[in-house]
Structures are given as structure tokens and as C-alpha cells.
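Q: build me a model:
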Amino acid sequence: MTQGFNTRAIHAGQEPDPTTGSVVPPLYQTSTFAQDGIGVLRNGYEYGRGTNPTRDSLQTQLAALEGGDFGFSFASGLAAEDALIRALLVPGDHIVMGNDVYGGTYRLINRVLSVWGISNAAVDMADDGAVRAAVAAGGAGGATRMIWVETPSNPMMKITDIAALAQIAREAGALLVVDNTFASPYLQNPLALGADVVVHSTTKYIGGHSDASGGAIVLSDAAMAEKIGFVQFAVGAVSAPMEAWLTTRGLKTLGVRMDRHSSNAQEIAEWLLTRPEVERVLYPGLPDHPGHELAARQMKRFGGMISVQFKGGEAAARKVAESTHVFTLAESLGGIESLMNYPSEMTHASVKGTELAVPVNLVRLSVGLEDVADLIADLDQALNRL
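A: Have a look, this model is predicted:
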């Protein structure tokens with residue numbers, strides 16, 4: 001019998017310690033392991049870069065919650081993305097990605113991996129025709145081998161049909177990679193919708209407490225997993241034991257947290273619609289969002305992220321971003337505390353001046369778990385300053 005999400009989150013990879021019976025597995029804060037003879041290992045453990053029981057527990061959790069067979073934990077989301085691309089692609093291959101991907105992902109693919117010989121094209125993932133054309137065109141050196149999408153996207157909150165993209169990828173002999181950071185495995189399972197690989201910044205909702213950085217890859221193909229595992233070991237950008245332990249602890253409450261994030265965000269998004277200072281509210285839970293019906297089909301709820309555009313332009317957006325008290329002006333997202341971000345100069349500064357540039361009148365809200373009345377009051381006083 002397949003267990004429910006919250007049961008898996010609490011128990012997958014979390015067997016009580018066999019020596020003491022501790023219901024919380026120990027933190028193995030070690031870099032190396034004693035051998036019983038030359039090459040005679042205890043349970044396969046040799047060196048921390050290769051394997052660590054704490055990281056193994058997290059990787060089991062990640063795979064179980066995304067419905068995959070293999071999970072890999074890295075030091076950051078970008079470390080995971082870099083390892084994935086280097087493991088599965090070769091110089092000359094081509095990536096088609098959304099024209100609203102996270103700025104760090106764009107920088108990695110367009111500036112770092114381009115030197116290695118990976119070409120790319122950025123297109124509107126909601127336009128099947130544009131995606132098919134970009135995939136068919138390939139790059140200067142070779143064919144399209146990977147389609148990369150975020151849904152919901154950061155920070156424009158676009159929703160992409162994962163199943164439709166999976167079909168396009170299969171027809172082209174390409175892999176579909178879905179960045180599931182904004183939704184989390186509680187709200188959306190891309191592998192079940194046809195994706196080949198899921199990536200996460202576990203720093204965000206999976207860890208959930210703004211106290212541990214990390215990244216993850218989940219998939220079910222054994223041959224690809226072997227390649228990723230080799231790169232993980234050979235390059236070494238693995239999550240440290242403490243980060244893995246903290247992420248595991250946070251992951252156990254992901255379901256209840258995402259329910260609260262989603263309900264708070266829904267109420268705030270609806271309140272923002274009543275404000276005359278607001279030009280546009282980007283939240284898939286609103287009926288007028290272009291991706292609302294699709295999000296309702298492929299997501300359990302609509303998540304905790306909202307982007308807001310202001311009629312007063314850049315000056316208004318900056319004023320609001322610097323005027324809140326409960327919302328903290330900071331990078332990142334997905335923690336229990338509410339955060340405010342001005343993407344044009346913060347998380348997405350690396351795409352400023354490109355086709356991926358974020359509107360200057362936009363702020364991004366990561367809605368936390370505080371009392372929603374306090375969050376609305378905080379936004380109200382900030383908007384009143386306009």
C-alpha cells in the first residue's frame with residue numbers, strides 16, 4: 001500500500017537508530033569512516049564526499065516524496081543543476097529553457113556552461129509552437145537534449161503544462177527537467193506528469209526554516225542516476241551532514257507548512273486585488289491568472305509565492321519593498337518567515353538588460369506562516385505610504 005505524503009515525509013529513510021532506539025536518526029558529523037581492513041568498509045561508508053548516513057537518509061526522503069527511485073542532495077540548488085547538466089549533456093548539446101527562469105539558472109547555463117560548449121535558447125514555455133521550433137532548431141553545435149522549465153516560475157508566476165512539455169521532449173529525444181522549488185513535492189509531482197528529472201533548491205520550502213542551504217535532484221532512470229552519482233562524488237558539491245540533517249528535519253513538516261503558506265497567500269492575493277495602488281497581482285490561485293485552470297489540475301494548492309506590480313512604477317515598488325516590518329527585505333524564499341524581494345536588483349539582477357529582465361515595478365512576496373491579519377496589516381501600512 002502506498003503511504004500518504006505526510007507519512008512518507010516523517011518515516012522515509014528515518015528508521016529509529018538500531019543501537020539506542022532513538023526515533024530521530026543521529027547526525028553523523030564526520031568526514032571519514034574507520035575501515036576494518038584495507039578496503040573493508042562498514043556498510044559501504046568510506047569518505048564523506050562519497051557517502052554519509054545523514055545525507056543518505058535525506059536522499060531517501062527526497063526520492064520518496066517526489067515519487068522517484070533515486071535522490072541526490074547537493075550543497076545548493078545551483079550545485080545540483082550544474083551536476084545534472086554536466087552528468088547528462090556533453091559539449092555541443094543544446095538546452096531550451098523558459099524565458100523567465102531564475103536568474104541564477106540562466107547565469108549558470110548562459111555564462112558558465114556556454115564556455116563548456118552548451119548552447120541555449122530562452123522561449124515562452126506556454127507557447128507550444130515556440131518550444132517545438134526552438135527544440136527543432138537546436139544549437140550551433142548540436143541537437144536539443146534538454147528542456148528546462150520552472151512552474152510556477154520565478155518571479156513571474158507563469159504556469160506551464162508539464163505533460164505537454166513531456167510529450168514534446170519525448171518526440172525530440174530530449175529530457176524534460178522541471179524545477180519544482182516553488183511548488184514543492186507536496187503541491188506538485190512532475191515525474192508523475194511525465195518529467196524525466198526534478199530539481200529543487202532545498203534551501204527554500206523543503207528545508208523551510210532559512211537555516212540550511214541545499215539542492216536536490218530526483219529521477220527514476222537508473223542509467224542517468226549512475227552518471228549523476230558519479231559527478232556528485234567526483235566533483236564533490238555535496239550537502240554537508242549538518243545541512244542534510246536540518247533539511248531532513250524541515251522536510252518532515254512540509255505538508256502542514258505548505259497548507260498554511262497556501263492559505264495565507266490566497267487571502268493576501270485576494271486582498272491585494274482591492275488596493276488601488278496595485279496594477280497586477282500574479283498568483284495562480286486567482287481565477288483571472290492565465291494559468292489558473294492548469295495550476296488547479298497539476299497542483300494540489302497554489303503555493304505561498306505572490307508577485308505584485310505597482311501602478312507607481314519602479315519608485316512605488318522600491319518604496320513598498322523598503323517599508324514593511326513583518327515582511328523582511330531579503331533574498332530567498334520558502335521559510336516560515338515572510339520575505340519581501342525586489343527581483344530586478346536582487347535575485348534577478350544577473351538578467352537585467354536581457355530578454356529575461358524582471359519588470360522594475362514588481363516585488364515578490366514569500367508569504368510565511370505568521371497570522372495572516374498581521375501580514376495584511378503590514379502590507380496595508382506599506383501601501384499607505386504611497
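
Q: going by C-alpha atoms from here, please, whenever you check contacts or count neighbours.
A: OK.

Q: quick check, central residue of the chain?
A: In the chain, the C-alpha nearest the mean C-alpha coordinate belongs to Thr181, at 1.9 Å (Cα atoms, centre = their mean).

Q: pull the number of nearby residues for Glu270.
A: When neighbours are defined as other Cα atoms under 10 Å, Glu270 has 14 of them.

Q: pretty sure it is touching Leu286, no?
A: Yes: Glu270 lies in contact with Leu286 (Cα atoms under 8 Å); the separation is 7.4 Å.

Q: tell me what Arg280 is bridged to.
A: Beta-bridge partners for Arg280, by DSSP bridges, are Gln309.

Q: quick one: the helices in the stretch 201-350 of the chain?
A: 222-235, 241-251, 254-272, 292-298, 313-321 (DSSP state H, counting those that start in this stretch).

Q: and the angle from the second one to helix 254-272?
A: What it means is helix 241-251. 70 degrees (axes from the mean of the first three to the mean of the last three Cα atoms, to 10 degrees).

Q: so if we follow the domain assignment, how does the chain break up?
A: 5-251, 254-384 (automatic domain parsing).

Q: as CSV, the ones you listed with mean pLDDT would be great.
A: Formatted as CSV, the domains of the chain follow (pLDDT from 0 to 100):
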stretch, mean pLDDT
domain 5-251, 96
domain 254-384, 97
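
Q: residues contacting Leu329?
A: Ala321, Glu322, Leu339, Met340, Asn341 (Cα atoms under 8 Å, 6 or more residues apart in numbering).

Q: nearest spatial neighbour of it, chain-adjacent residues omitted?
A: Setting aside the residues directly before and after it, Leu329 is nearest to Met340 in space (Cα to Cα, 6 or more residues apart in numbering), at 4.7 Å.

Q: so that neighbour touches Ala321, yeah?
A: Yes: the pair Met340 / Ala321 is scored as a contact, 6.2 Å apart, by Cα under 8 Å.

Q: give me the buried stretch members for stretch 287-300, please.
A: His289, Pro290, Gly291, His292, Glu293, Ala295, Gln298, Met299 (16 or more other Cα atoms under 10 Å).

Q: which one of those residues sits closest to Arg364?
A: Closest to Arg364 out of the buried residues of stretch 287-300 is His289 (16.0 Å), distances taken as Cα to Cα.

Q: I'd like the distance between the closest one and Asp93.
A: 35 Å (Cα to Cα, to the nearest Å).

Q: next one: Met146
A: 8 Å.

Q: also Ala192?
A: Ala192 is 26 Å from Asp93, by Cα to Cα.

Q: these two: which is more packed in?
A: Asp93 (20 against 14).

Q: Ala137 is in contact with the more buried one, correct?
A: No: shown here, Asp93 and Ala137 do not form a contact pair, counting by Cα under 8 Å, at 11.9 Å.

Q: can you tell which of the helices of the stretch 201-350 of the chain is closest to Ala12?
A: helix 241-251 (10.1 Å).

Q: what's next to the closest one, contact-wise?
A: Against helix 241-251 from outside (Cα under 8 Å, 6+ apart): 9-10, 27-30, 52, 54-55, 57-58, 61, 73, 202-203, 206-209, 211-214.

Q: among these, the buried ones, what's the ChimeraX command?
A: Here is the ChimeraX command that picks out the buried ones among the contacts of helix 241-251, judged by 16+ other Cα under 10 Å:
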select :9,10,28,52,54,55,57,58,61,73,202,203,206,207,208,209,212,213,214
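
Q: contacting residues around Arg364?
A: Pro155, Met305, Ile306, Ser307, Val308, Met340, Asn341, Tyr342, Pro343.

Q: what is the neighbour count of the second one?
A: As a burial measure, Met305 scores 30 neighbours (other Cα under 10 Å).

Q: give me the nearest residue to it, chain neighbours excluded.
A: Nearest to Met305 is Ser366, by Cα to Cα, 6+ apart, at 5.0 Å.

Q: which SS state does Ser114 fall under?
A: coil (DSSP: H, G, I helix; E, B strand; the rest coil).

Q: the stretch 1-150 of the chain: helices as residue ranges?
A: Going by DSSP H, counting those that start in this stretch, the stretch 1-150 of the chain shows helices at 5-11, 53-66, 77-88, 103-107, 128-137.

Q: quick one on the thing from earlier: quick check: neighbours shared by Asp93 and Ala137?
A: Ala143, Thr144.

Q: picking up where we left off before, I figured the residue nearest to the centre of the chain hits Val199, correct?
A: Yes: when contacts are counted by Cα under 8 Å, Thr181 is listed as touching Val199 (7.3 Å).

Q: so what's Ala126 up against?
A: Here Ala126 is in contact with Ile159, Thr160, Asp161 (criterion: Cα under 8 Å, 6+ apart).
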